[in-house]
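Asks: Based on what follows, work out the 3D shape:
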Amino acid sequence: METSAKILIVGGVLSLATAYAFGFVMTRARLRNPGVPQTLLLQCHRDALWQGFMLLGLAWAATLSDLAGGWEILASVLIVAAAVLSIGSTVANWRMNVTDQFAPGPKPIGYVLAAINATLVSVGLLIYVIGVFTGL
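Replies: As a prediction, the model looks like this:
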């Protein structure tokens, strides 16, 4: 198995483990306050799940890509780093009780992390799009 796929798989498994941990935190919060919605915490849980599924799915792109190994490793590292930032963004919003990171005014740290995430994942995905289409 290629290094780039291994990076994506490890990142995906760790992301799913993070989602699992958020599930426990959310359960404890709901047991303490049964009628109080845990919307922001639920978003942390969902984001970690989505990132995990995405990373595991992209492991197939790493195997289909026809680029040099260095490019694929770079793409995998960028995408895993972006996933960490995405989860970090939702965690920051939860901890700071930010319900709309796009609201006017000073941008919260969650917004900054999300903006960096978007840049990194865009570059990583572009590399894999090129690699997959050259590999077909």
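
Asks: residue ranges of the helices in this structure, please?
Replies: Taking DSSP state H as the criterion, the chain carries its helices at 3-32, 39-64, 69-95, 109-135.

Asks: Average pLDDT for the second one, rounded please.
Replies: Spelled out, it's helix 39-64. For helix 39-64, mean pLDDT is 96.

Asks: Tell me which of the helices of the chain sits most buried.
Replies: Compared across these, helix 69-95 shows the largest average neighbour count, a mean of 21 (mean count of other Cβ atoms under 10 Å). In short, each C-beta sits where N, CA and C put it, glycine included.

Asks: Residue 92 and residue 107, how far apart?
Replies: 11 Å (Cβ to Cβ, to the nearest Å).

Asks: Please apply the same query to residue 69.
Replies: 37 Å.

Asks: hmm, what's the outermost residue in the chain?
Replies: residue 35 (29.1 Å; Cα atoms, centre = their mean).

Asks: Against residue 41, how distant is it?
Replies: 15 Å.

Asks: so how far is residue 44 from the residue farthest from the centre of the chain?
Replies: For residue 35, the distance to residue 44 - Cβ to Cβ - is 20 Å.

Asks: got a list of what the residue nearest the centre of the chain touches?
Replies: Closest to where the C-alpha atoms of the chain average out (Cα atoms, centre = their mean) is residue 83, at 2.4 Å. Residues in contact with residue 83 (Cβ atoms under 8 Å, 6 or more residues apart in numbering) are 11, 15, 51-52, 54-55, 117, 121.

Asks: Switch those over to CSV; also include distance to residue 134.
Replies: Output for the contacts of residue 83, formatted as CSV (distance: Cβ to Cβ, whole Å):
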residue, distance to residue 134
11, 24
15, 28
51, 26
52, 27
54, 22
55, 22
117, 26
121, 20
